[in-house]
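S.K.: the sequence and its predicted three-dimensional model are supplied below.
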Amino acid sequence: MAVLVTGGAGYIGSHAVAALQERGEKIVIIDNLQQGHRKALLGGKLYEGDLRDAAFMDTVFQENDDIDAVIHFAANSLVGESMKDPGKYYHNNVFGTLCLLEKMNEYNVRKIVFSSTAATYGEPENVPIDEYDRTLPTNAYGETKLAMEKMMKWFDVAHNIKFVSLRYFNAAGAHESGKIGEDHSPETHLIPIVLQAALGQRPHISVFGEDYDTPDGTCIRDYIHVSDLADAHVLAVDRLRTGADSSVYNLGNGTGFSVKEVIDIARAVTGKEIPAVMEARRAGDPAVLVASSDRARQELGWNPKRNKLEDIIKSAWSWHEANPNGYND
Ligand SMILES: NC(=O)c1ccc[n+]([C@@H]2O[C@H](COP(=O)([O-])OP(=O)(O)OC[C@H]3O[C@@H](n4cnc5c(N)ncnc54)[C@H](O)[C@@H]3O)[C@@H](O)[C@H]2O)c1
Ligand SMILES: O=c1ccn([C@@H]2O[C@H](COP(=O)(O)OP(=O)(O)O[C@H]3O[C@H](CO)[C@@H](O)[C@H](O)[C@H]3O)[C@@H](O)[C@H]2O)c(=O)[nH]1
């Protein structure tokens, strides 16, 4: 048996590849390297190409007829960008997933673990958010992820392709080996940008909005260590291999931190000043996203181990300090 990992050379995908490798899985990776890095791969066989290229996908499935499960990370995933260029998100995310599901059906692969997101909920009715809460995305990115989840539901009904949809909250941190971490170009995520400011690579961190309905006026997010996310994917593959039905799980720590709190903790971790400049809101941002992950704990047996934000930021800081230019590729 082999696991196909789409987007495996990306940030979260490469940590999942490392987790699969640790337990001796055979791993096949698809990545078009629009964001991914060859150097991020600690195992597996990389096929460089695009999900939407049918001939390329035929080659991958034909050369690896032992693939029994797919973990699907490949997507565009930036809230801000999706508000300016929604077409890019529908094309890569929705059409890309359609291409993948059709090939899975053609090659008789009937298990998929999917990278979904807290952005499917939009502005929450209840905090912490559980899987039964309303899904009403406030940005085009979240809307495409919800469309992808719905597509998987109908491929299950019609073709018996079982899915586990993992709705991650905000991924952060780096692998404990120090070998892999976060390197996006351009970088838009809060924690790496704050750490780039700590390294003096940026003059300051811009805080997008100080007038939200939160205690200090800045947005609140639930930060979860990337290796804890990676572990959940291994558990989800296991669950599907037992013949379980399709399901959806939130993955977060259950504690929210405001943008200002994140910056303060990063100042304490790095010992650097990290200047902050207040700016206007970024379109599409919900004020608060905090997870209830009880269901993942109960049904998947997921037990995130790196829960303290200080430790998560420390692990990211180790990576950024040692690799100030990322993978440098
Ligand atoms: N980073 C987060 O906080 C977060 C939170 C929730 C959900 N997610 C989801 O998790 C997944 C991974 O996120 P990430 O932060 O690791 O992103 P990433 O950009 O680092 O990784 C995505 C990878 O997919 C590849 N890719 C994109 N489109 C492709 C295509 N059409 N064909 C082949 N390869 C393609 C990219 O080159 C990249 O390596 C995404 O689906 C994202 O929506 C991320
Ligand atoms: O320079 C910056 C960057 C971000 N922020 C704010 O920091 C918070 C977190 O932003 P960011 O790190 O960009 O993450 P999100 O927009 O919350 O989105 C991430 O987390 C989502 C899940 O919650 C995922 O689905 C997305 O793919 C992933 O990019 C938001 O309030 C941003 O407005 C700033 O104030 N300044």
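M.R.: That came through, no problem. Numbering: from 1, shown residues only. Ligands and ions are numbered 1, 2, ... in the order given.
S.K.: just the buried positions in the host helix or strand of Glu149, please.
M.R.: Applying DSSP states H and E as the criterion places Glu149 in helix 140-159. By neighbour count with 16 or more other CB atoms under 10 Å, helix 140-159 contains the buried residues 140-149, 151-152, 155-156. Every C-beta, even on glycine, is put in place using the N, C-alpha and C of the backbone.
S.K.: which residues sit against it?
M.R.: Contacting residues not belonging to helix 140-159 are listed as 75-79, 81-83, 86, 89-90, 93-94, 97-98, 101, 104-105, 110, 112, 114, 116-117, 119-122, 135, 137, 161-163, 165, 246, 248, 284 [CB atoms under 8 Å, 6 or more residues apart in numbering].
S.K.: just the buried ones from the residues you listed?
M.R.: Using 16+ other CB under 10 Å as the threshold, 75-79, 81-83, 89-90, 93-94, 97-98, 101, 104, 110, 112, 114, 116-117, 119-122, 135, 137, 161-163, 165, 246, 248, 284 are the buried ones among the contacts of helix 140-159.
S.K.: near ligand 2, which residues of the chain?
M.R.: Within the chain, the positions adjacent to ligand 2 are 77-79, 117-119, 169-170, 188-190, 193, 205-208, 219, 221, 259, 282, 285, 289 by CB under 6 Å from any ligand atom.
S.K.: helices - which of the buried ones among the contacts of helix 140-159 land there?
M.R.: 79, 81-83, 89, 97-98, 101, 104 (DSSP state H).
S.K.: Glu261 and Asp216 touch, don't they?
M.R.: Yes: in terms of CB atoms under 8 Å, Glu261 counts as a neighbour of Asp216; the distance is 7.5 Å.
S.K.: list the residues that contact the residue nearest to Gly284 when sequence neighbours are not counted.
M.R.: Nearest-residue entry for Gly284: Asn139, 3.2 Å, with adjacent residues in sequence omitted and distances by CB to CB, 6 or more residues apart in numbering. If you count contacts by CB under 8 Å, 6+ apart, Asn139 has them with 79, 82-83, 119, 283-285.
S.K.: about what we covered before: same list (the buried residues of helix 140-159) but as TSV, adding pLDDT and distance to ligand 1.
M.R.: Converted to TSV, the buried residues of helix 140-159 look like this (pLDDT from 0 to 100; distance: CB to the nearest ligand atom, whole Å):
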residue	pLDDT	distance to ligand 1
Ala140	98	12
Tyr141	98	7
Gly142	98	9
Glu143	98	12
Thr144	98	9
Lys145	98	6
Leu146	98	12
Ala147	98	13
Met148	98	9
Glu149	98	12
Met151	98	14
Met152	98	13
Phe155	99	18
Asp156	99	19
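S.K.: now render those as CSV, adding distance to Val60.
M.R.: Written out in CSV, the entries for the buried residues of helix 140-159 read as follows (distance: CB to CB, whole Å):
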residue, distance to Val60
Ala140, 29
Tyr141, 26
Gly142, 29
Glu143, 28
Thr144, 23
Lys145, 23
Leu146, 27
Ala147, 24
Met148, 20
Glu149, 24
Met151, 20
Met152, 20
Phe155, 19
Asp156, 22
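S.K.: I'd like the distance between the residue nearest to Gly284 and Leu146.
M.R.: Taking CB to CB, to the nearest Å as the measure, Asn139 and Leu146 are separated by 11 Å.
S.K.: before we move on, what about Leu195?
M.R.: Separation of Leu195 from Leu146 (CB to CB): 31 Å.
S.K.: per-residue pLDDT, the residue in the chain that ligand 1 sits nearest to?
M.R.: Nearest residue of the chain to ligand 1 (CB to the nearest ligand atom) works out as Gly10 at 2.1 Å. Gly10 is assigned a predicted lDDT (pLDDT) of 98.
S.K.: for it, give me its contacts.
M.R.: If a contact means CB under 8 Å, 6+ apart, then Gly10 has 31, 35-36, 40, 73-74 as its contacts.
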